[in-house]
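A.B. asks: Sequence first, predicted coordinates after that:
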Amino acid sequence: MNRPLAPGDTLGIIGGGQLGRMLSQAASRLGFNVVILDPEENSPACRVSQGQIVAAYDNPTALRVMAGACQAVTFEFENVPARSIEILTEAGTVVAPGPRALAVAQDRVDEKTFLNSLGVPTTAFAAIDNLSALRAAVASLGAPALLKTRREGYDGKGQVWIKDAAGAARAWAAIGSQPAILEAKAEFVRELSVICARGRDGSIAIYPLGENTHAGGVLKTTVAPAKVTSQTKSQATRIARKILEGLDYVGVMGVELFEMRGGRLLVNEIAPRVHNSGHWTQDGCVCDQFEQHVRAVAGWPLGPTAAHAQVEMTNLLGNEIKGWKALAADPAVRMHVYGKREAKPGRKMAHVNRMKPLRRGPGRKN
Ligand code: AMP
């Protein structure tokens, strides 16, 4: 089915967490019905949606039911099994972003190899299949270096720093002796990200850059639009375009960047979905990343990406959500609460966007 979705059509979302929830809210504003597939009953996304299918992400029966109910399907996380996408596609549903983007984003070695093949720079890396390969890679890339599992890692999980050659065996054991990537340490000045989108017709939309700070491998804040030079901005735009076009991508993508001394940008990783560092767009842009993703997947024209405010987005993890009363009383703060029942340590419970006037005039670099 290649026609654009119309209000009244149904969008399926694989994954019922906060990203699925905010996608669902944006989709319902455009008049779509939303069905969520998630193994957990009562997920944050299903509570704002019209339908839920409670089943594993690779349950063929559930996927066929989803295909029957939905005119298009998307997902909120990149580790959707490839077979699930095949089942949906065979059943005649549009799935976006497509299987190529998922495959590339699911494997850190394939991801960096693909990026380098497009001429997009990353930190130096080596594929690691055993301890002797790791020792050789530490010798060639130098230490410190970061050992990451090839698959399944996120928010700093499955990652161990190797400080010297003697630490290789311990690090290999710590990640469970599984296929991995060793990355040279990127001596970055700061971390930036660019949220970008490509429509079914190949049109591209790119948001202003965000500047990110992490704590314990987890995103803590994004300040956007980040103060960057016009060269940095055009580098990020070139990188985003190359990746979107190289994957024949449809949807919103998050591209995490390291800004090196001298201004060169390296790509850390790509997320083939809406991204935590794009949450500022909900209050900083007319068309936020969630609506943008729904528009792209539905085959609608992409929306505007210019910022109308300066925003500082802060994630509220675990018990930080208990500070909600003070935040609710602050007129500069917009709250986005995910409706999760239990505030486990480190769990993303909400985020807040603190609003500031947009920097203008000669001092404004973005
Ligand atoms: P990731 O899960 O790959 O996004 O990594 C989480 C965080 O670890 C990044 O946002 C960086 O702060 C840091 N990090 C990841 N890879 C590298 C690297 N090669 N060099 C330096 N820092 C890194």
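C.D. replies: Sure, I can see it. Numbers count the residues shown, from 1 in each chain.
A.B. asks: so what are the domain limits for the protein?
C.D. replies: Using automatic domain parsing, the domain ranges for the chain come out as 10-95, 124-184, 188-356.
A.B. asks: JSON lines for these, including mean neighbour count and mean pLDDT?
C.D. replies: C-beta: built from backbone N, CA, C; applies to glycine. Shown next, in JSON lines, are the domains of the chain (neighbours: other CB atoms under 10 Å; pLDDT from 0 to 100):
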{"stretch": "domain 10-95", "mean neighbour count": "20", "mean pLDDT": "97"}
{"stretch": "domain 124-184", "mean neighbour count": "17", "mean pLDDT": "93"}
{"stretch": "domain 188-356", "mean neighbour count": "19", "mean pLDDT": "97"}
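A.B. asks: how about those domains in a markdown table, adding distance to the ligand?
C.D. replies: Putting those into a markdown table (distance: least, CB to the nearest ligand atom, whole Å) gives the following:
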| stretch | distance to the ligand |
| --- | --- |
| domain 10-95 | 12 |
| domain 124-184 | 4 |
| domain 188-356 | 5 |
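A.B. asks: of all the ones you listed, which lies closest to L115?
C.D. replies: L115 sits nearest to domain 188-356 of all the domains of the chain, at 5.4 Å, using CB to CB.
A.B. asks: how long is the closest one end to end?
C.D. replies: Length of domain 188-356, first residue to last, CA to CA, to the nearest Å: 27 Å.
A.B. asks: How far off centre is it?
C.D. replies: Relative to its parent chain, domain 188-356 has a centroid offset of 8 Å by CA atoms, centre = their mean, to the nearest Å.
A.B. asks: do stretch 6-15 as well
C.D. replies: 20 Å.
A.B. asks: what residues does that stretch touch?
C.D. replies: With contact meaning CB atoms under 8 Å, 6 or more residues apart in numbering, stretch 6-15 is reached by 5, 20, 23-24, 27, 30-38, 45, 49-51, 57, 66-67, 69-77, 80, 84, 88, 93, 294, 297-298.
A.B. asks: Mind doing that once more with 7 Å?
C.D. replies: Applying CB atoms under 7 Å, 6 or more residues apart in numbering, the contact partners of stretch 6-15 are 5, 20, 23-24, 27, 30-38, 45, 57, 66, 69-77, 80, 294, 297-298.
A.B. asks: where exactly do the strands run in the stretch 251-366 of the chain?
C.D. replies: Taking DSSP state E, counting those that start in this stretch as the criterion, the stretch 251-366 of the chain carries its strands at 251-260, 265-271, 310-317, 333-337, 348-356.
A.B. asks: how long is stretch 76-95 end to end?
C.D. replies: One end of stretch 76-95 to the other measures 12 Å (CA to CA).
A.B. asks: go on, stretch 67-75?
C.D. replies: The distance separating the two terminal residues of stretch 67-75, taken as CA to CA, comes to 13 Å.
A.B. asks: Out of the strands of the stretch 251-366 of the chain, which is closest to A224?
C.D. replies: Comparing these against A224 with CB to CB, the closest turns out to be strand 310-317 (5.7 Å).
A.B. asks: Could you tell me which strands the closest one is paired with, and in which direction each runs?
C.D. replies: Applying DSSP bridges, strand 310-317 is found paired with strand 218-224 (antiparallel), strand 348-356 (antiparallel).
A.B. asks: circling back to that earlier point, okay, and which of the contacts of stretch 6-15 map to helices?
C.D. replies: Cross-referencing the contacts of stretch 6-15 against helices under DSSP state H gives 20, 23-24, 27, 66, 69, 294, 297-298.
A.B. asks: start to end distance for stretch 246-262?
C.D. replies: 27 Å.
A.B. asks: any idea which residue sits dead centre in this structure?
C.D. replies: H275 (3.3 Å; CA atoms, centre = their mean).
A.B. asks: now the helices for the chain?
C.D. replies: Using DSSP H, the helices of the chain run over 18-29, 60-69, 82-90, 99-106, 108-117, 131-141, 168-174, 230-246, 281-284, 289-298, 324-328.
A.B. asks: mind checking which of those helices is nearest T222?
C.D. replies: helix 281-284 (9.8 Å).
A.B. asks: Only alpha carbons, please: show the closest one as CSV.
C.D. replies: In CSV, the C-alpha atoms belonging to helix 281-284 read as follows (Å, rounded to 0.1, in the frame of the first residue of the first chain):
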residue,chain,number,x,y,z
THR,A,281,11.5,19.7,19.9
GLN,A,282,8.2,19.1,21.7
ASP,A,283,8.4,22.6,23.2
GLY,A,284,11.1,24.2,20.9
